[in-house]
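I'll drop the sequence and a predicted model, then ask my questions.
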Amino acid sequence: MASSLLPARANTSLLASSRVLSRPLRVTSGDCRLGISLRQQNQGQQQQQQQQQRRRRSSGGSFRVRASAVENAAAAEPNVTDEGKQRKAEWARVRGVAEKGAVVRGRVVSANAGGLLVRLGPLQAFLPLSQLDPARLRGTAGAAPPSAADVARGLVGSMVGLRILEVDEARTRLVVSEKRAAAAKGLRRVEEGSVYPGMVASVADFGVFVDLFQPDGAFLATGLAHLSELSWDPVRSPADVVAVGDDVSAMVLQVDRERERVGLSLKQVQADPLLETLDRLLPFQPAPDASSPSPSALEAASSAPSSPLPAASSPPPLPGLLALCSQLRQQPGISSVALGRQAVERRVVSQDLELWLSNAPAAEGQFTLLARAGRLVQEVQVATTLDREQMKDVLKQIL
């Protein structure tokens, strides 16, 4: 049996030259320990080689994946960068347009409850319903005005002129106005001293904003009527006089085309408070002539201002009025001063004596003043060569 077995040296050489035995190794009891030791060593080497191969495959695979990802990102980077540069350039362009106040055109792509979405090149802008052209929201004669929502839906797909109100690239926010674009054109046709039909757009504590229109309904501009220009009577709150949506007539007092501001007056187109008050209270009393009372009588009474002018057919003048008339008579350019009708109003306008210049233009060189104190009101006729502004300056000097 021993002769059929390989010597120990030969077994060692065979095991060293072979990684995996193709058949079981037969050893004697004396060679058992050596055969087991060599087999364990061989198995350990195989396991190490397999682990190294797995690490190489894992490392190589990861490297190939990362390399592929980097290559793909590098290939896509020029497109992403170009698109980003284009968007930044477009945002810079709209900022420049907004600073210049220029009018641009955009296409309405959709409408919602708050307004319209408008396409401006690659950017999308928001047009609030409140910034629609007011001419679109005015009804024709005898017809109710359309709702803003109906107007917005009808504009989908159309091109509109716009001005940019707000540009916020960080928030991707772009707000535009059709109303401001229309005003940029209409403001050129607004003239000081002219009266235009209007509609109250909003009410503030200091006055009301009025949208002005041409007689054909085209929108012109939005102006501000200050609290003091709403009524000839004292006004505590604009809401006491007008409300949003009211149709009014407004006179243009001032136009600042550079700052795009229009000053308006509602009271200047109302009936003159002097004539309205006296004609309502004394409708059948004829207007006084310049001889009753005469300027000479006023001058004679000016030496005793506390004594009312005696008159059998008319009540005495308002306290302190004769003294003011005497001062008026002494001003250059004034030839005569005469008292006119007197009436009692239903409410107290002012406890102190006040002189109001009538809104009516001077007729044949004669201005009509209104003296008020308490509930009493009286006319004062002034013959003069002064114009309206010069007459205002005179009244400021004596009051």
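Looks like it came in fine. Numbers count the residues shown, from 1 in each chain.

in a helix, residue 188, correct?
Yes: membership of residue 188 in a helix is supported by DSSP: H, G, I helix; E, B strand; the rest coil.

contacts only, for it.
The contact partners of residue 188, by C-beta atoms under 8 Å, 6 or more residues apart in numbering, come to residue 257. (C-beta placed from N, C-alpha, C; glycine too.)

residue 115 against residue 128, yeah?
Yes: between residue 115 and residue 128 there is a contact under C-beta atoms under 8 Å: 4.2 Å.

look at the two and report which has more neighbours.
residue 115 (21 against 17; other C-beta atoms under 10 Å).

got a pLDDT number for the more buried one?
Looking at residue 115, its pLDDT reads 93.

swap in residue 280?
59.

same check, this time on the one 4 residues further on
Looking at residue 284, its pLDDT reads 41.

does residue 394 touch residue 330 like I think?
No: in terms of C-beta under 8 Å, residue 394 does not count as a neighbour of residue 330; the distance is 10.2 Å.

the more surrounded of these two?
residue 394 (20 against 11).

give me the phi and psi for the nearest residue to that one once chain neighbours are set aside.
Of all residues not flanking residue 394 in the chain, residue 331 sits nearest, at 5.1 Å (C-beta to C-beta, 6 or more residues apart in numbering). Torsion angles at residue 331 (phi, psi; degrees, to the nearest 10) stand at phi -80, psi 140.

residue 265 bridge partners, please.
Note on residue 265: beta-bridge partners by DSSP bridges are residue 251.

number of residues surrounding the closest residue to residue 186 other than its chain neighbours?
Nearest non-adjacent residue to residue 186, counting by C-beta to C-beta, 6+ apart: residue 220, 3.7 Å away. Number of residues near residue 220 (other C-beta under 10 Å) recorded here: 24.

before we move on, what about the one 4 residues further on?
Residue 224 is flanked by 18 other residues according to other C-beta under 10 Å.

who touches it in this structure?
207, 208, 209, 210, 261, 262, 263, 264.

again, only using 10 Å
202, 204, 206-210, 253-254, 261-264 (C-beta atoms under 10 Å, 6 or more residues apart in numbering).

and if you look at residue 252?
By C-beta under 10 Å, 6+ apart, the neighbours of residue 252 are 190-196, 212, 220-221, 223, 262-265, 268.

that one and residue 191, how far apart?
For residue 252, the distance to residue 191 equals 7 Å [C-beta to C-beta, to the nearest Å].

what's the closest non-adjacent residue to residue 344?
Per C-beta to C-beta, 6+ apart, closest to residue 344 is residue 375, 5.3 Å.

now residue 168
That would be residue 174: by C-beta to C-beta, 6+ apart, it lies 7.5 Å from residue 168.

my guess is that neighbour meets residue 104, correct?
No: judged on C-beta atoms under 10 Å, residue 174 makes no contact with residue 104 at a distance of 11.1 Å.

so which strand or helix has the residue lying closest to residue 102 once chain neighbours are set aside?
Once flanking residues are discounted, residue 102 sits nearest to residue 163: 7.5 Å by C-beta to C-beta, 6+ apart. Here residue 163, judged by DSSP states H and E, is contained in strand 159-168.

so which bits of that strand are buried?
Buried residues in strand 159-168, counted by 16 or more other C-beta atoms under 10 Å: 160, 161, 162, 163, 164, 165, 167.

relative to residue 176, how far out is the last one?
Distance check for residue 167 against residue 176: by C-beta to C-beta, it reads 10 Å.

joint contacts of those two?
In contact with both residue 167 and residue 176: 94, 98, 125, using C-beta under 10 Å, 6+ apart.

who does the strand holding residue 163 pair up with?
For strand 159-168, the pairing partners within the sheet under DSSP bridges are strand 104-111 (antiparallel), strand 173-177 (antiparallel).

circling back to that earlier point, between residue 174 and residue 104, which one's more packed in?
Between residue 174 and residue 104, residue 174 has the larger neighbour count (other C-beta under 10 Å), namely 23 against 19.

contacting residues for the more buried one?
Contacts of residue 174 (C-beta under 10 Å, 6+ apart): 91, 94-95, 98, 106, 118, 120, 123-127, 164-168.

any idea what it is bridged to?
residue 167.

now do it against residue 354, distance only.
Residue 174 is 53 Å from residue 354, where distance means C-beta to C-beta.

do the same with residue 114
From residue 114 over to residue 354 (counting by C-beta to C-beta), the distance is 49 Å.

circling back to that earlier point, so what's in contact with residue 115 and residue 128 at the same time?
Between them, residue 115 and residue 128 share the contacting residues 148, 152, 175, 176, judged by C-beta under 10 Å, 6+ apart.

excluding chain neighbours, what is closest to the last one?
Looking back up the chat, that one is residue 176. residue 162 (4.1 Å).

any weak-confidence spans in the stretch 101-250 of the chain?
139-142 (pLDDT under 70).

ok, which stretches of it are strands?
104-111, 115-120, 123-128, 159-168, 173-177, 195-204, 207-213, 219-226, 247-256 (DSSP state E, counting those that start in this stretch).

in CSV, list these along with distance to residue 52.
Shown next, in CSV, are the strands of the stretch 101-250 of the chain (distance: least, C-beta to C-beta, whole Å):
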stretch, distance to residue 52
strand 104-111, 62
strand 115-120, 61
strand 123-128, 58
strand 159-168, 59
strand 173-177, 59
strand 195-204, 81
strand 207-213, 83
strand 219-226, 82
strand 247-256, 86
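
and the ones you listed: which comes nearest residue 186?
Of all those, it is strand 219-226 that lies closest to residue 186, at 3.7 Å by C-beta to C-beta.

noted, bye for now.
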